[in-house]
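Novice: Pasting a predicted model and its sequence here:
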Amino acid sequence: QVQPVESGGGLVQAGGSLALSCTTSGRTLKMYQMGWFRQAPGKEREFVAALSWSGASTNYADAVKGRFTISRDNAKDTVYLQMNGLRPEDTAVYYCNAVTNIDSGKPRFSSWGQGTQVTVSS
């Protein structure tokens, strides 16, 4: 299965931008439809965005629609999440995982990587 490795998080002021990356130490990502998820303190992990194998089809949670963009570079076996217009409520640990399909946004695998912390100050 995919063993994701997330990076790119950090501390940013509200309105700022960050770009997250997801690579793998296991199976190649290009075999899967992929998604980003996040977990804020005291909350359950939630779906953020997903894209198809080619990247042509995408799906976003309403909370991030219009601000976040998911993409992939299969040649580099990397999935990205460009986050613009960040808000304090976007503060969370961000994870990537394969998804069962991009419309459901359900993670395909039960194991998760370390994630990358995103903190947005007001």
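Specialist: Received, thanks. Residues are numbered from 1 along each chain as shown.
Novice: Give me the phi and psi for residue 30.
Specialist: With angles defined as degrees, to the nearest 10, residue 30 sits at phi -70, psi -10.
Novice: That one: what's it in contact with?
Specialist: By Cβ atoms under 8 Å, 6 or more residues apart in numbering, residue 30 lies in contact with 53, 72, 74, 77. All C-beta atoms are positioned from the backbone trio N, CA, C, and that covers glycine.
Novice: Distance of the nearest residue to the first one once chain neighbours are set aside relative to residue 40?
Specialist: Read that as residue 53. Among residues not flanking residue 53 along the chain, residue 33 sits closest, at 6.0 Å (Cβ to Cβ, 6 or more residues apart in numbering). According to Cβ to Cβ, to the nearest Å, residue 33 and residue 40 sit 24 Å apart.
Novice: per-residue confidence at the residue nearest to residue 53?
Specialist: pLDDT for residue 33: 96.
Novice: In this structure it contacts residue 51, no?
Specialist: Yes: the criterion here is Cβ atoms under 8 Å, and residue 33 meets it with residue 51 at 6.9 Å.
Novice: Neighbour count: the two, which is higher?
Specialist: Per other Cβ atoms under 10 Å, whichever of residue 33 and residue 51 has more neighbours is residue 51, with 24 against 21.
Novice: what's across from that one in the sheet?
Specialist: With DSSP bridges as the criterion, residue 51 is bridged to residue 34, residue 58.
Novice: Residue 102 is in contact with that one, correct?
Specialist: Yes: if you go by Cβ under 8 Å, residue 51 and residue 102 touch, sitting 6.3 Å apart.
Novice: what is in contact with those two at once?
Specialist: In contact with both residue 51 and residue 102: 33, 35, 57, 58, 59, using Cβ under 8 Å, 6+ apart.
Novice: Write the ChimeraX selection for whichever of those residues are buried.
Specialist: Selecting only the buried entries of the shared contacts of residue 51 and residue 102 in ChimeraX, with 16 or more other Cβ atoms under 10 Å as the criterion:
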select :33,35,58,59
